[in-house]
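> Structure for the following, please:
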Amino acid sequence: MTPESESRAAHPVRVLLLESGSGPGGSVNFVRDLLLHVDHSTADVIVGFYSHNPSKTVEEIQRLGYSVVFFNRKQSIAQKKSARFSALFDRSLKRLRKLRTAATIVFRLFRVQLPLTWRLWRFIKRESIDVVVLNQDVHFHVPGVVAAKLAGKPCICRKAGGIGEARKLKWFLNPCVDLFVSISKATETDQRNTPGTKMVINIYEGLDLQRFLSLPPSRSMRASLGISDGGKIVAAITRLEIGKGLPEFIEMAATVSRFHPNVVFLLVGGEGPDGGALTRELIRLVHSLDLDERVIFTGWRDDIPSIMNCVDIFVHCPTTFTEGLARTCLEAMAVGIPAVVSENGGMPDAVVNGVTGFVVPPGDTNAIAESVLTLLENEALRREFGLRARLRVEQMFDAARNSRQLQAQILQCARPAELFKLRGAPVRLP
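Numbering: from 1, shown residues only. Okay, the predicted model is just below:
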């Protein structure tokens, strides 16, 4: 080893971890759980956001002592302007919709993407960053990919979604990424089948299981939601967005309520990008099915583990929205409750059909209802599935173990000519 390499090896690798999200949710929660288990003797992590992220999770990250950088606090304004472009052309003739798309792309390129790329490149050079790590799929990180390439730094993408999306853009971006880390078999397969991919390994999503050990009593959460102790709770916990299977959840609730009138159905999650239009439609559907007393919309919640702790059955059956894995499935498993999910993306990696829950065809409302009824009417089966789910999350989705594996790959990618060892975990090339 040369004197220069010995000097570098004596200092932690400088990592810029870029998060594409601009609000709370599973993506930034993963970042927090990862950072809880970083070995600071070998990695110095700076967390970067393309735009301001006003969430409690970011505050937690800062309290852990990590530097957090927001590269564009005005991005939300640009997004609002893009929305005005969209509204203008939506009122026009269909032949102008292609022009709307082109105008939006050009607007974001010159007002958002290029300035972000410049700021990121300057930051990487100024802060002597060794490696850039992208959280979420690569097409959400155009500035990060280009800035890393221009700075001559290795780039890793933790592919946590984006299955089948933006394939033309990925043809350009993929060759610039040195390593893709998939979070499920579905994301791994999708990435391997995308042209330009150099290398892919799979490291499952991980939860900080300590968060699920000392939860408040179920009774207190039920009381805060206005739910009596006697009834069962079936919950969907997700962003309220088209393709997430929410109309099917409500139709399932109507079927189940005919047999179990005391069951309460929770819809937990904030509004999606449509500005609440889907939420209003869901409320109308609830009213038309006479479920106003049975379905509760909680809105966005920051206390998902506590919510999960009072739920009896978790349901997440997206239709057209493809999940990389679905972090909420893991959270349900961590509190020991069975799940009913659709055969969508990476969710079958988490939920084993007939072992920890049920996997049903997407959009099959009858299959969802039958699975929920089976669990409601068989308490022993429900408990058995829950115990197996908790065991599975401990064995496969523990952030403490999976984060060490991810850090090992980051270090190896940053300094491939040097040997590193994490505490108790040898570094191996994928």
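> What are the boundaries of the helices in the stretch 251-400 of the chain?
With DSSP state H, counting those that start in this stretch, the ranges of helices along the stretch 251-400 of the chain come out as 277-288, 304-308, 327-334, 347-350, 365-376, 379-396, 399-414.
> right, and these - which one's nearest residue 196?
Minimum separation from residue 196 across the helices of the stretch 251-400 of the chain (Cβ to Cβ) falls at helix 399-414, 17.3 Å. C-beta coordinates here come from the backbone N, C-alpha and C atoms, glycine included.
> what's the closest one packed up against?
The contact analysis (3 or more Cβ pairs under 8 Å, 6 or more residues apart in numbering; DSSP states H and E) places helix 399-414 against strand 13-19, helix 26-35, strand 43-49, strand 131-135, strand 155-159, strand 179-182, strand 421-422, strand 425-426.
> out of the helices of the stretch 251-400 of the chain, deepest packed?
Ranked by mean neighbour count, the helices of the stretch 251-400 of the chain are led by helix 327-334 with a mean of 27 (mean count of other Cβ atoms under 10 Å).
> how many degrees apart are that helix and helix 26-35 in direction?
Angle of helix 327-334 versus helix 26-35, following axes from the mean of the first three to the mean of the last three Cα atoms, to 10 degrees, is 60 degrees.
> circling back to that earlier point, among the helices and strands packed on helix 399-414, which comes closest to residue 385?
helix 26-35 (22.5 Å).
> how near is the residue nearest to residue 358 when sequence neighbours are not counted to residue 71?
Once flanking residues are discounted, residue 358 sits nearest to residue 371: 3.9 Å by Cβ to Cβ, 6 or more residues apart in numbering. Per Cβ to Cβ, to the nearest Å, residue 371 is found 44 Å from residue 71.
> how about the helices of the stretch 251-400 of the chain in a markdown table, adding distance to residue 162 and mean pLDDT?
Converted to a markdown table, the helices of the stretch 251-400 of the chain look like this (distance: least, Cβ to Cβ, whole Å; pLDDT from 0 to 100):
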| stretch | distance to residue 162 | mean pLDDT |
| --- | --- | --- |
| helix 277-288 | 21 | 96 |
| helix 304-308 | 23 | 94 |
| helix 327-334 | 15 | 96 |
| helix 347-350 | 15 | 95 |
| helix 365-376 | 26 | 98 |
| helix 379-396 | 22 | 97 |
| helix 399-414 | 18 | 95 |
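> mind checking which of the ones you listed is nearest residue 249?
Of all the helices of the stretch 251-400 of the chain, it is helix 365-376 that lies closest to residue 249, at 7.5 Å by Cβ to Cβ.
> For that closest one, output the C-alpha coordinates as CSV.
The C-alpha coordinates for helix 365-376 follow below in CSV (Å, rounded to 0.1, in the frame of the first residue of the first chain):
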residue,chain,number,x,y,z
THR,A,365,-61.7,-7.9,-4.3
ASN,A,366,-63.3,-11.2,-3.6
ALA,A,367,-59.9,-12.8,-2.8
ILE,A,368,-59.0,-10.0,-0.5
ALA,A,369,-62.3,-10.3,1.4
GLU,A,370,-62.1,-14.1,1.6
SER,A,371,-58.5,-13.8,3.1
VAL,A,372,-59.6,-11.2,5.6
LEU,A,373,-62.6,-13.2,6.6
THR,A,374,-60.5,-16.3,7.1
LEU,A,375,-58.2,-14.5,9.5
LEU,A,376,-61.1,-12.8,11.3
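> who touches it?
Here helix 365-376 makes contact (Cβ atoms under 8 Å, 6 or more residues apart in numbering) with 232, 234, 248-249, 251-252, 255-256, 259-260, 263, 312-313, 315, 317, 338, 340, 342, 357-358, 360-361, 381-382, 385.
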